[in-house]
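Visitor: below are the sequence and a predicted model for it; my questions follow.
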Amino acid sequence: MFGRWLGSRAKSGSARNDAPAGLPLPHNAGMLSCRVLDPVSEPVQQADFVVTDSTGRKVVGGETDPFGNVVATVPAGEYRLGVTAEGFTPFHGPVTVAQGGHAGLGDVSLQVALPPQLPDPGEWEIEPSHTQIGFTARHIGMARIHGRFNTFAGAVRIADRMEDSAMHVVIDASSIDTNVQMRDDHLRSGDFLDVERYPTLEFYSDRFVHRGGTRWGVTGALTLHGVSRTVTLDTQYLGLGNGLEGETRAACRATTELHREDFTLTWQTMLARGIAVVGPSIKIEMDIQIIPKG
């Protein structure tokens, strides 16, 4: 039954009063659905979809299932459906949902997107005022802690072949900032980062691996607390743009997860005293912009 109505080729935005039998709908609600396909009519799974109302407010969102299906129950009304997937041009279309009805958009075909232009070969540098290096950790048995490093510098050498590029980033360990002075002082102490002995964190990479679309893996050595470990940044390249003064800049987002035991940050004596400390893993999130080195 589900295959029949999910695969229907109703005109985009149309509404039909034929909600699936046996599937109860809340009062004054209806359903919308479509199947998301690639240019060769294969389902696109884990594509992101969002349904917004006439004011642009998000009503519901999620991901397509393994068969590329989108199914949502919403109050009767006028909406826009947006679908995005890595490597494809986004889809946006109107849809009207009637009370007790089912609005089927049929098959939505996504077109392959042209990859964004890569930076020109040469020497580039991180632009601190438009870059953020943040992290999220969790207290043992407590809420998450959000923080950032406020002082850092970095250089990127873009090679003729992007895979041969390299980058070097240096972070001032004492610039750690979680918006709580007492906690920041403790994080700088010998119990944690020990900034007097290890004043910087450094990352060096000369391995850029294209993972398809705008995704890259940037693998290198991270030196923290006097210990070096191999780390891979899961990186999304966002493309080129121009600053207020017309200068060219490139942007990306990157994430990775660190395990504090890998850098000898165990703090067993604190645990023995029953003091709640940072959990075993720390998520690093970076928004980076680079500009040609002047």
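Guide: Perfect, I can see it now. Because the structure is predicted, anything quoted here is derived from the model rather than measured.
Visitor: mind showing which ranges of the stretch 1-150 of the chain have poor pLDDT?
Guide: 1-23, 138-143 (pLDDT under 70).
Visitor: quick one: the strands in it?
Guide: For the stretch 1-150 of the chain, applying DSSP state E, counting those that start in this stretch gives strands covering 29-37, 48-52, 58-63, 69-75, 77-84, 91-97, 102-109, 122-126, 132-138, 144-149.
Visitor: now the helix or strand just after the last one against strand 132-138, angle please.
Guide: Right, strand 144-149. Using DSSP states H and E, the helix or strand that follows strand 144-149 towards the C-terminus is strand 152-158. Counting by axes from the mean of the first three to the mean of the last three Cα atoms, to 10 degrees, strand 152-158 points 120 degrees away from the direction of strand 132-138.
Visitor: make 25 the first number, not 1, from now on.
Guide: Sounds good: first residue 25 from here, last item strand 176-182.
Visitor: which residues sit against strand 176-182?
Guide: With Cβ atoms under 8 Å, 6 or more residues apart in numbering as the test, strand 176-182 has contacts from 142-150, 152, 155, 157, 189-196, 199, 312, 314, 317. All C-beta atoms are positioned from the backbone trio N, CA, C, and that covers glycine.
Visitor: mind redoing it with 7 Å?
Guide: By Cβ atoms under 7 Å, 6 or more residues apart in numbering, the residues outside strand 176-182 that reach it are 143-150, 152, 157, 189-196, 314.
Visitor: for A300, report the pLDDT, please.
Guide: Listed pLDDT for A300 reads 47.
Visitor: show me the contacts for V75.
Guide: V75 neighbours (Cβ under 7 Å, 6+ apart): V83, V84, G85, A96, V98, Y103, L105.
Visitor: where's it relative to D201, distance?
Guide: From V75 across to D201, the span is 38 Å (Cβ to Cβ, to the nearest Å).
Visitor: quick one on the thing from earlier: of the contacts of V75, which is the nearest to E281?
Guide: Closest approach to E281 among these (Cβ to Cβ): G85, at 24.7 Å.
Visitor: wait, isn't the closest one in contact with V94?
Guide: No. G85 lies out of contact with V94 (Cβ atoms under 7 Å); the separation is 10.0 Å.
Visitor: neighbours around R221, how many?
Guide: Residues near R221, counting by other Cβ atoms under 10 Å, number 10.
Visitor: phi, psi for it please.
Guide: Dihedral angles of R221 (phi, psi; degrees, to the nearest 10) stand at phi -90, psi -30.
Visitor: how deep is the nearest residue to it once chain neighbours are set aside tucked in, by neighbour count?
Guide: Distances taken as Cβ to Cβ, 6 or more residues apart in numbering place G250 nearest to R221, at 7.1 Å, with adjacent residues excluded. Burial measure for G250: 10 neighbouring residues, criterion other Cβ under 10 Å.
Visitor: what does V194 give?
Guide: Neighbourhood size, V194 [other Cβ under 10 Å]: 17.
Visitor: which residues touch H234?
Guide: H234 touches E187, W240, counting by Cβ under 7 Å, 6+ apart.
Visitor: can I assume D196 is in contact with Y222?
Guide: No. Checked against Cβ under 7 Å, the pair D196 and Y222 is beyond contact range at 11.2 Å.
Visitor: related to what we said a few turns ago, just send the strands of the stretch 25-174 of the chain back as CSV, with distance to D209 too.
Guide: Compiled in CSV, the strands of the stretch 25-174 of the chain are given as follows (distance: least, Cβ to Cβ, whole Å):
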stretch, distance to D209
strand 53-61, 51
strand 72-76, 41
strand 82-87, 40
strand 93-99, 48
strand 101-108, 43
strand 115-121, 49
strand 126-133, 54
strand 146-150, 27
strand 156-162, 16
strand 168-173, 13
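Visitor: tell me the most buried of those?
Guide: Mean neighbours per residue, mean count of other Cβ atoms under 10 Å, is largest over the strands of the stretch 25-174 of the chain for strand 53-61, with a mean of 23.
Visitor: same for that strand, what does it pack against?
Guide: Contacts defined by 3 or more Cβ pairs under 7 Å, 6 or more residues apart in numbering; DSSP states H and E place strand 53-61 against strand 93-99, strand 115-121, strand 126-133.
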